[in-house]
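Asks: Just to be clear, the model below is a prediction. Sequence and coordinates:
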Amino acid sequence: MLEVLIIGAGATGLTLAIELQRRGVTFRLIDVAGGPFGGSRGKGLQPRSLEIFDMIGVADDVLAESSLYQPIQLHFGPFTKQIRSLGTHCEPTVGCPHPNMRMVPQWRTEQALRAHLTALGGSVEFGVGLQTLEQRDDVVFCSLTSGETIEARYVAGCDGGRSTTRKALELQLVGKSLGDKTMIVADFALAGLDRDFWHVWPLHSCGRIVIAPLPQAGMWQLQAPEKLARHGLEQGLFRLLKKRPSKITWRSQFRNQIRMVEHYRVGNVFLAGDSAHLHPPSGAQGLNTGVQDAFNLGWKLVSALRCGDNGILDTYEAERLPIAAAMLNLTSTLHLNSSTKRGDMTNQLSIGYRNGPLAGSEAAAGPLGLQAGDRMPDMRLSDGRRLFEAMRDGNPVQIVMTDGERILVRPDGYVAGVGKEAIKAYQGFSVLEVSSLP
Ligand SMILES: Cc1cc2nc3c(=O)[nH]c(=O)nc-3n(C[C@H](O)[C@H](O)[C@H](O)COP(=O)(O)OP(=O)(O)OC[C@H]3O[C@@H](n4cnc5c(N)ncnc54)[C@H](O)[C@@H]3O)c2cc1C
């Protein structure tokens, strides 16, 4: 029997696959699409996702062709006004090596994750989709579009907003659409537009239009009401910019929605990413939240498979569902106010699980004021590595501080416990012990 079947090879499914592959779990990763996704769609990577990519060992590749967010030029007819960027421009510190949101087209993030999975020995099966699933006696029977039936111990539905997995579980995406406009998102090449700025038409007769320079030479992302393209997208862009795009490489439609499920788990089947929560693009939270769902679920599946500790899997919903709910509140507020306030609110560095089931009821503050459930900052270790580099082994890490205090870090980079004594109990993992540098 297969240990895990992952449905969907977007950023969420790929992150989960890497988490399982690097810990020796047998899994298959299927995607109904004929090949890799080709659009820039979720282009804003938040600092916490970059830390996760650092702990996985893929950050350098993801960031190789990235940019900071540029300031915004607002266009009102012939007048323009400049306002600050949606992203911060802070200097890295030892504890926070990735302080700024970076722009990386979604196709490029997925490409880097796929390459990393391949280097680890895993792969994506494109052209194979989930049709139905049924659970009996702790086994999930999945029928695929290829005609195959797979028996899996666990299934992860990372299959996006129209998730077949979610429908098979009879879970609803509860929430609403924000407005009734169908929007288009498109990637196009165009010369002669100032690439040091985002260009925004807040009061255009079609509605709000945003054009952002992508890190790839000459490429732009458009987000606009569909009305802009009523005489064709190329013509709509020409009327707006008085310049014709030399090529349109990708386009798609979307609706601004805030919706989420009431459960992340039914039996041995889990939901992660857009299959569990849908955000409007404002605040750049969707893909980032999916990556963090996967990073939370991955080590817990490993623990359950290695030790039969099924209970750890309940902590996935308990920890992640409130985060998705908070993110939805935030993104809908940003969307409804057309707010350009970002930074600490959206960078996802303050996300933690202090009130979660793994934090314990008598959590005390330890070194650096940290307590169980907090995000563990990066730090220099006496063996010459950074903590995030040491996390690449995929194990919990016990840090002995210079004053003898200890911090145990979970495999997903959150504090498991603090204290004077060694904290070794961690089902299914061997704890890596390291010392901090003063
Ligand atoms: C205009 C726009 C801008 C955005 N900007 C941002 C941003 O800046 N930052 C951010 O974080 N997010 C952003 N998002 C959201 C982001 O794109 C999504 O949250 C992200 O794609 C979710 O990733 P995922 O892997 O969960 O799902 P998806 O990317 O939807 O991937 C799901 C995968 O599952 C596959 N699949 C579907 N059905 C099946 C099946 N039955 N069997 C097998 N495979 C299946 C699909 O082919 C697909 O590859 C934006 C979205 C839009 C529309």
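Replies: Looks like it came in fine.
Asks: State whether W299 is indeed within a helix.
Replies: Yes. Looking at W299 with DSSP: H, G, I helix; E, B strand; the rest coil, it is inside a helix.
Asks: So what's the residue count around it?
Replies: If you count neighbours by other C-beta atoms under 10 Å, W299 ends up with 22. Bear in mind the C-beta positions are built from the backbone N, C-alpha and C, glycine included.
Asks: Please tell me I have it right and it contacts D412.
Replies: Yes. The pair formed by W299 and D412 meets the contact definition of C-beta atoms under 8 Å, at 5.9 Å.
Asks: could you point out where the protein is predicted with low confidence?
Replies: Residues of the chain meeting the criterion pLDDT under 70: 336-343, 361-363, 422, 424-425.
Asks: Show me what from it comes close to the ligand.
Replies: 7-13, 30-33, 37, 41-44, 106, 129-130, 158-160, 164, 185, 223, 254, 273-274, 281, 284-288, 290 (C-beta under 6 Å from any ligand atom).
Asks: Just the buried residues out of those, in PyMOL syntax.
Replies: In PyMOL, selecting the buried portion of the residues of the chain next to the ligand, with burial taken from 16 or more other C-beta atoms under 10 Å, looks like this:
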select buried, resi 7+8+9+10+11+12+13+30+31+32+37+41+42+43+44+106+129+130+158+159+160+164+185+223+254+273+274+281+284+285+286+287+288+290
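Asks: Now intersect the residues of the chain next to the ligand with the strands, please.
Replies: Taking DSSP state E, the ones among these that sit in strands are I7, I30, D31, G44, L130, V185, Q223, F254.
Asks: quick check, nearest of those to G95?
Replies: Comparing these against G95 with C-beta to C-beta picks out G44 as the nearest, at 22.3 Å.
Asks: Just give the nearest non-adjacent residue to that closest one, would you?
Replies: For G44, the nearest residue in space outside its immediate sequence neighbours is A284; the separation is 3.0 Å by C-beta to C-beta, 6 or more residues apart in numbering.
Asks: Please report how far that neighbour lies from D293.
Replies: 16 Å (C-beta to C-beta, to the nearest Å).
Asks: got the residue ranges for the strands in the stretch 251-400 of the chain?
Replies: With strands called from DSSP state E, counting those that start in this stretch, the stretch 251-400 of the chain shows them at 257-260, 265-266, 269-271, 277-278, 397-400.
Asks: could these go into JSON lines alongside mean neighbour count?
Replies: Conversion of these to JSON lines gives the following (neighbours: other C-beta atoms under 10 Å):
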{"stretch": "strand 257-260", "mean neighbour count": "20"}
{"stretch": "strand 265-266", "mean neighbour count": "20"}
{"stretch": "strand 269-271", "mean neighbour count": "28"}
{"stretch": "strand 277-278", "mean neighbour count": "27"}
{"stretch": "strand 397-400", "mean neighbour count": "20"}
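Asks: Can you lay out those strands as a markdown table showing distance to R114?
Replies: A markdown table is the format used below for those (distance: least, C-beta to C-beta, whole Å):
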| stretch | distance to R114 |
| --- | --- |
| strand 257-260 | 27 |
| strand 265-266 | 27 |
| strand 269-271 | 21 |
| strand 277-278 | 23 |
| strand 397-400 | 27 |
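Asks: Which among the ones you listed is found nearest to L203?
Replies: Each of the strands of the stretch 251-400 of the chain was checked against L203 via C-beta to C-beta, and the shortest separation belongs to strand 257-260, namely 23.6 Å.
Asks: send the alpha carbons of the closest one over as CSV?
Replies: What follows is strand 257-260, C-alpha atoms only, in CSV (Å, rounded to 0.1, in the frame of the first residue of the first chain):
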residue,chain,number,x,y,z
GLN,A,257,-13.4,35.3,-3.1
ILE,A,258,-13.0,34.7,0.6
ARG,A,259,-13.9,31.1,1.3
MET,A,260,-12.7,28.2,3.5
